[in-house]
Each structure stands twice: as C-alpha cells, then as structure tokens.
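Undergrad: below is the sequence, then the predicted model.
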Amino acid sequence: MSDLDTAALRRTLADQLADAGHLHTPPWRTAVQEVPRHEFLRAGFFERVTSPGPTAWRPVQAESPGWLVRCYDDESFVTQVAGTIAPADVRGEILREPTSSSTLPSLVVRMLEDLQVEDGHRVLEIGTGTGYSTGLLCHRLGDSLVTSVEVDPQVSARAATSLGACGYFPDLVVGDGLAGHKDSAPYDRVIATCSVLDVPYTWVEQTRPGGIILATVTGWMHASSLARLTVGEDGTARGRFLEGGVSFMLARPQLPPPLGMLPDLDAGEERPARLAPSVLDDPTALYVAQLAAPRAQRLTLPGPAGTHHILLDVDASAWAALRQDGERWVVRQGGPGRLWDDVEEHLLRWQADDAPSLEQFEIEVSPEGQRVDWVRA
C-alpha cells in the first residue's frame, strides 16, 4: 500500500476518534493524522484465539493479509507475551500472559489530551511500549522535549527503530520507570502508560511546581482509575480521579507475588459476614475494598460446600474466605489481621457516605507516601 493510502488510513482513524468523542483538539488530531501507527507494529502482534479454555494468542505478522488496515483499528494489540516472546518467535498458538502492548488509539489520545500539554512543555513518559504514544508526543512537542523510560531493553530497541523510521529521536531510557529519569528533570508533565500501585514520589520530585502527573492507580484486586495530580510548591502532589475506566498492565516491579499454596480454609475464625462478596462486582466498591486491603489478591475456588470467594495477602500470610451457608454468607479468616473485617469497615463507611463515585475521590502523594480517600459531603 502506498504512502498516500496509509495517509488515508490515518485520516480515517482521526475522523473516527473525533466522531466518537475521543479526540477534541487540533494539535492532537494533526498528530494522529501524521504519525503512522503501522510503523510501530511492523514486528507484528498477537491476536486472541477464540476458543474454550485458557486464553491463547496467535501471531499476526506484517506480511499477513489485512495487517496494515488492522493497524488503524481502534484496538489494543498485544506485542509481547511472557516477558520476552515476540510474534516472530511463535508458530501456532501460545498460552502465556501478555507483557507489552500497543494501547488502543482512543485511550492514547484521551490520556494525551487529559495531560493538558502546552507548547514548550518537557514531558516524561513512563513505559515506551511500541513507541506510538511517544511518536505522538514528539510530533506535538518536538522530540527534544520528550523523554521515555522503558524497563525492557528489547521493547525499547524496537521502539527506537520505529521512531527513527518516522524521523523522531527522543531521549529513550532503559530502566525502572518508577524511578523516573532525573537527568532530564524537571518536567512539566509526567504520563504513565502502565498502572502503578502507588504513584512514586520520585515522579513528584522530578516535576516542576504546577506540573501535572497522569497515571492509572490500581491494585492486586484489579480495580483501577486514572488520576491527574498537580504538584504543589510544598512538594506534595494532589488531584482527583478522572471519569471513565482506564486499565493498563501493572508496572513489572509491582507485580503481585505468586499465590503459592493456598491456606487451609478450615482453619481460622468464622463469623457471619455483614456484606456478601457480590458487593465487589461494583467497580467503585472494589476500589474501596482494595484501599482496605492493598496487598490482597482476589480469587474464587470451587469446593464441595460451594464456591469460596477468597482474599489472600501472600506476604502477610493473611486470608479471608467467604461462602454461602443457606440464606446467609459466612467468612472465615486467618493469619495476622482480618482482611474481610477491614474491607467491610471501609465499604460500610463508603455506603454510609452515599457511595460516592471514583471522580469524588482525592489522591495525595507526599514524602510520607500515597493517600486516597473520598470527599465527604
């Protein structure tokens, strides 16, 4: 397909994003129309295999029919699995977890607009990935004002090749993005394309007063929300969660520990539960529960007495298991602390405050750490 045809694909993508309400400002629309997304997917991607059982992935190579047109779909594409495996490494299907991807363009441009950049701003991007969002930043600001940190050397090298093919040469750093990159600080804007358990204070230190940090704050129960914080003169960043769900892969250094051997669910202490586990089906309630038990993982386990809904904090050796007993729910808890007690306390307090939405939550990051709570009427 000719350069003229790919330009048409880029214009069509920009039109679709604008018509759907994701793209609002002329500078970012121009960037979408000019930056060729397919250059960042030349190494191929993985598509999900629709079949019963565990999720499998099948490689789609650049020479595959329809590959180029698919590059301009508003879709996320997995570009690496298991930490090292690229599409060219696989023949057939693979049953491993995704570890890098090209985020759907509508989310990319939504976040770039939420970042509120202006001409002359210096931006730190955490998570280079394929480099597509880096390319959009370079087009908008100039590559001398863009620094992007990627933990995976191979991913960073592929992004550098793709960016160079487009004529962009930002400062690409291989390292732990949670540490930022102080050599190019201070920044006017920091944006993370991975989720974090806690916004690192290093990002706050490396951002000018009045600067903005945009990051998805999540937990091991997989509740997440996009936060926008402004750094104050006092060295504390404060902000709110933005409307609309956002989910990214968790920063690799913050991945949860393996579950290992599950606890003996007949041990511990049992009591009637004040809340059923179905309360966690609500995304905001799940986020509140995650605040109460920030290092707990959530799973279900079928058993002869019915399904157990389990919270497990591996490092603390604490656990809670809920099961239905006739018309009521009971919870059995073990280890130091009582996970479900803490979750119930937070949820009942949140419900008593009229269950505020995530947009009514405040987040603060200071040298003492991160604090998240909802605003009370």
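TA: Perfect, thanks for sending it. Residues are numbered from 1 along each chain as shown.

Undergrad: when you work out contacts or count neighbours from here on, use the C-alpha atoms and nothing else.
TA: OK.

Undergrad: for P336, phi and psi?
TA: Main-chain dihedrals, P336, degrees, to the nearest 10: phi -70, psi 140.

Undergrad: just say helix, strand or coil for the residue lying closest to T216 once chain neighbours are set aside.
TA: Excluding the flanking residues, the one nearest T216 by Cα to Cα, 6 or more residues apart in numbering is L226, at 4.2 Å. With DSSP: H, G, I helix; E, B strand; the rest coil as the basis, L226 sits in strand.

Undergrad: contacting residues for L226?
TA: L214, A215, T216, V217, F241, L242, E243, G245, V246 (Cα atoms under 8 Å, 6 or more residues apart in numbering).

Undergrad: ok, the first one - contacts?
TA: Read that as L214. L214 neighbours (Cα under 8 Å, 6+ apart): M111, D114, L115, R189, V190, I191, A192, L226, A227, R228, L229.

Undergrad: ok, so of these, who is nearest L312?
TA: L226 (25.2 Å; Cα to Cα).

Undergrad: which residue is nearest the middle of the protein?
TA: F248 (2.1 Å; Cα atoms, centre = their mean).

Undergrad: so that residue belongs to a strand, correct?
TA: No - under three-state DSSP, F248 sits outside any strand and is assigned coil.

Undergrad: and it, what's its pLDDT?
TA: Looking at F248, its pLDDT reads 88.

Undergrad: quick one on the thing from earlier: need the max-distance pair from the contacts of L214.
TA: So, the contacts of L214 by Cα to Cα: farthest apart are R189 and L226, at 15.0 Å.

Undergrad: what about D188, which helix or strand?
TA: Secondary structure assigned from DSSP states H and E places D188 in strand 187-196.

Undergrad: so for the helix or strand that that strand is followed by, mean pLDDT?
TA: Later in the chain than strand 187-196, the nearest helix or strand by DSSP H and E is helix 201-205. For helix 201-205, the mean per-residue pLDDT is 98.

Undergrad: just checking, what packs against helix 201-205?
TA: If you count contacts as 3 or more Cα pairs under 8 Å, 6 or more residues apart in numbering; DSSP states H and E, helix 201-205 packs onto strand 361-366.

Undergrad: pairing partners for the strand it packs on, with directions?
TA: strand 237-241 (antiparallel), strand 369-374 (antiparallel) (DSSP bridges).

Undergrad: quick one: closest of those to V279.
TA: It is, among the strands paired with strand 361-366 and with distance given as Cα to Cα, strand 369-374, at 18.0 Å.

Undergrad: any idea how far that closest one is from the chain center?
TA: Offset of strand 369-374 from its chain centre (Cα atoms, centre = their mean, to the nearest Å): 18 Å.

Undergrad: give me the buried positions along it.
TA: Q370, V372, W374 (16 or more other Cα atoms under 10 Å).

Undergrad: just the helices in the stretch 1-150 of the chain please.
TA: Using DSSP state H, counting those that start in this stretch, the helices of the stretch 1-150 of the chain run over 3-19, 26-34, 67-70, 105-114, 132-141.

Undergrad: now, of those helices, which is deepest in the fold?
TA: Stretch with highest mean neighbour count among the helices of the stretch 1-150 of the chain: helix 132-141 (a mean of 25; mean count of other Cα atoms under 10 Å).

Undergrad: how about the CA coordinates for that helix, as CSV?
TA: Provided in CSV are the C-alpha atoms of helix 132-141 (Å, rounded to 0.1, in the frame of the first residue of the first chain):
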residue,chain,number,x,y,z
TYR,A,132,3.4,5.1,19.2
SER,A,133,2.3,7.4,22.0
THR,A,134,5.9,8.6,22.2
GLY,A,135,5.7,9.5,18.5
LEU,A,136,2.5,11.5,19.0
LEU,A,137,4.3,13.4,21.8
CYS,A,138,7.3,14.0,19.6
HIS,A,139,5.0,15.4,16.8
ARG,A,140,3.2,17.6,19.2
LEU,A,141,6.1,19.0,21.2
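
Undergrad: what packs against that helix?
TA: Using 3+ Cα pairs under 8 Å, 6+ apart: helix 132-141 touches helix 26-34, strand 146-150.

Undergrad: so what touches the strand holding D188?
TA: Counting by Cα under 8 Å, 6+ apart, 115, 117, 121-128, 203, 206-208, 210-219, 224, 247-251, 254 sit against strand 187-196.

Undergrad: same question for stretch 42-57.
TA: So stretch 42-57 is contacted by 58-62, 77-80, 86-88, 93-96 (Cα under 8 Å, 6+ apart).

Undergrad: just how off-centre is it within its chain?
TA: That offset, for stretch 42-57, works out to 20 Å (Cα atoms, centre = their mean).

Undergrad: where does this protein have low pLDDT?
TA: 1-4, 377 (pLDDT under 70).

Undergrad: the helices in the stretch 151-300 of the chain, which residues?
TA: Going by DSSP H, counting those that start in this stretch, the stretch 151-300 of the chain shows helices at 153-165, 201-205, 283-292.

Undergrad: and the angle from the first one to strand 146-150?
TA: When you say that, I think you mean helix 153-165. Helix 153-165 runs at 150 degrees relative to strand 146-150, counting by axes from the mean of the first three to the mean of the last three Cα atoms, to 10 degrees.
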